[in-house]
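> compute the structure for the input listed below.
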Amino acid sequence: MTYCVGMRLDAGLVFLSDSRTNAGVDQVGTFRKMSVFENPGDRTMVLMTAGNLSISQSIRQLVSEYMDANGNTIWTVPSMYEAARIVGEAVRTVHNRDAKALAEFGIDFNVSLIFGGQIKGERCRLFQIYSAGNFIESHNENTYFQIGEAKYGKPIIDRVVTPTTPLDEAAKCALISMDSTLRSNVSVGLPLDLLVYEDGKLAVTHFVTIDEKNQYFQMIRNTWGSLLKTVFESIDAPVWNASPEINGNVLSATNMHSKPVRVEVPAQLREARLAPSPLQSLAQQPSNNKQA
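Residues are numbered from 1 along each chain as shown. A predicted model of the protein is given here:
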């Protein structure tokens, strides 16, 4: 499995991917999921993939050399939308070539992609591309995309990232979301690839491969866990069966009539519970012994 996140911000783009593809008991596979298509001064584009590795690698190779019916390639199209369309066509080409043969072996055509970047003359753009080759684009209402094991890292991004978030802050948030995923899912693993692109540069601004020895990521892991625990402990415990006028942290008020949905005890158990035990029956019997 994998986890990748891409963010489109007013200041540029942030991309983060892990590198784990297998997480069996005795087999852990590591393959990088991020690819950069860059012609400095003209265009910089980033592709991240999740799903079946053989399909992903086939698509990546085809994208780099694909030419559409009009003679356009990813290196020559005038807009990111047209570049995303070429990636989608590459997905469909691989599907038409391989999907039937894979299905005969019980393998689904499973792939999802995040594709973003900037071509000279237009703004930064970000797309999520599906296994059918169709895609959607990020806008201010939804400024990021995730693929793979997205659920663990989503809450922190939803609370922090907006279009006006600075690039370094967004990169920090992406790393925290990755740390949350690493802690909760063994199918996601180090090393990580982090790429930051500043709007208008038309070249990669910052890139780093992060392993377990990376000082900043270790600081993120330790600090985030410690502060999260501190914040948790600072929140008051719930107050039960109190008056809301007296205490502001009431979970259960005295005027509430909450009751659980109770499942009725089977009749034979009720009867067994009500019937006297052998010892009780013996104790209730009158004594035949008379005092001397």
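> packing partners of the longest helix belonging to the chain?
The longest helix of the chain (DSSP state H) is helix 80-104. The contact analysis (3 or more C-beta pairs under 8 Å, 6 or more residues apart in numbering; DSSP states H and E) places helix 80-104 against strand 43-51, helix 53-65, strand 111-119, strand 125-129, strand 135-137. All C-beta spots, glycine's among them, are computed from the backbone N, C-alpha and C.
> mind doing that once more with 6 Å?
Counting contacts by 3 or more C-beta pairs under 6 Å, 6 or more residues apart in numbering; DSSP states H and E, helix 80-104 packs against helix 53-65, strand 111-119, strand 125-129.
> residues near residue 52, how many?
18 (other C-beta atoms under 10 Å).
> just give the nearest non-adjacent residue to it, would you?
Computed as C-beta to C-beta, 6 or more residues apart in numbering, the closest residue to residue 52 that is not its neighbour in sequence is residue 110, at 5.0 Å.
> quick one: pLDDT of that neighbour?
Here, the pLDDT recorded for residue 110 equals 95.
> from residue 147, how far out is it?
11 Å (C-beta to C-beta, to the nearest Å).
> and the two? Which one has more around it.
For residue 110 and residue 147, the more surrounded residue by other C-beta under 10 Å is residue 147, and the numbers stand at 23 against 12.
> burial count for residue 161?
21.
> one more: the one 10 residues further on?
Other residues within reach of residue 171, judged by other C-beta under 10 Å, total 21.
> for the strand or helix carrying it, buried residues please.
Counting by DSSP states H and E, the element that carries residue 171 is helix 167-184. The neighbour-count check on helix 167-184 (16 or more other C-beta atoms under 10 Å) flags 167, 170-182 as buried.
> residue 113 against residue 129, yeah?
Yes: under the criterion of C-beta atoms under 6 Å, residue 113 makes contact with residue 129 at 4.2 Å.
> neighbour count: those two, which is higher?
Ranked by neighbour count (other C-beta under 10 Å), residue 113 and residue 129 place residue 113 first, with 30 against 25.
> tell me the contacts of that one?
Contacts for residue 113 (C-beta atoms under 6 Å, 6 or more residues apart in numbering) come out as 49, 129.
> ok, it to residue 53 distance?
In this structure, residue 113 and residue 53 are 13 Å apart, going by C-beta to C-beta.
> repeat that for residue 145.
Applying C-beta to C-beta to residue 145 and residue 53 gives a distance of 20 Å.
> between these two, tell me which one has more neighbours.
Using other C-beta under 10 Å, the more surrounded residue of residue 145 and residue 53 is residue 145, with 24 against 16.
> which SS class is the more buried one?
strand (DSSP: H, G, I helix; E, B strand; the rest coil).
> tell me the bridge partners for it.
Beta bridges link residue 145 to residue 6, judged by DSSP bridges.
> ok, it to residue 191 distance?
Residue 145 is 22 Å from residue 191, by C-beta to C-beta.
> list the buried residues for stretch 48-67?
48-53, 55-56, 58-60, 62-63, 66.
> try stretch 88-95
For stretch 88-95, using 16+ other C-beta under 10 Å, the buried residues are 88-91, 93-95.
> before we move on, the earlier item: export the buried residues of stretch 48-67 as TSV, with columns for pLDDT and distance to residue 12.
Shown next, in TSV, are the buried residues of stretch 48-67 (pLDDT from 0 to 100; distance: C-beta to C-beta, whole Å):
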residue	pLDDT	distance to residue 12
48	98	16
49	97	21
50	96	23
51	93	27
52	93	31
53	92	29
55	96	29
56	96	25
58	97	30
59	98	25
60	97	23
62	97	27
63	97	22
66	94	26
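> now, which of those residues sits nearest residue 222?
Using C-beta to C-beta, the shortest approach to residue 222 within the buried residues of stretch 48-67 belongs to residue 48, at 26.9 Å.
> quick one: residue 177 from residue 2, how far?
Residue 177 is 14 Å from residue 2, by C-beta to C-beta.
> fine, thanks again, bye for now.
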